[in-house]
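Participant: Quick one: sequence and predicted model below, then my questions.
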Amino acid sequence: MPDQVEEMFHPKPTTLEVDEKGNKVELETTPLTGESFLRRVDPTGRVVNELRGSRGGEAPPRRK
């Protein structure tokens, strides 16, 4: 049961692409909230940049 709870809050990301330098593009969707994260990770595991998607088709909030 603890593994299922851990997976709900911290799911393992899916690797979508790996370039020739070893940088990975990962997609992670949180089942509990439906939020998506797309991130680029360098070979050392450091997150270079991250995009946070909207939940379930909602438009992201606009800045004023």
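Facilitator: Thanks, I have the structure now.

Participant: For this structure, name the helix or strand with the lowest mean pLDDT.
Facilitator: The weakest-scoring helix or strand in the chain, judged by mean pLDDT, DSSP states H and E, is helix 2-9 (a mean of 70).

Participant: Tell me where the model's unsure across this structure.
Facilitator: Applying pLDDT under 70 to the chain flags residues 1, 7-10, 54-62, 64.

Participant: what ranges do the strands span in it?
Facilitator: Ranges of strands within the chain are 14-18, 24-29, 36-41, 47-52, based on DSSP state E.

Participant: Out of those strands, flag the one nearest residue 6.
Facilitator: Of all the strands of the chain, strand 24-29 sits nearest to residue 6, with 13.6 Å by Cβ to Cβ. From N, CA and C alone the C-beta is placed, and that goes for glycine too.

Participant: Let's have the strands of the chain in TSV, adding mean neighbour count.
Facilitator: Listed next are the strands of the chain as TSV, based on neighbours: other Cβ atoms under 10 Å:
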stretch	mean neighbour count
strand 14-18	11
strand 24-29	16
strand 36-41	16
strand 47-52	10
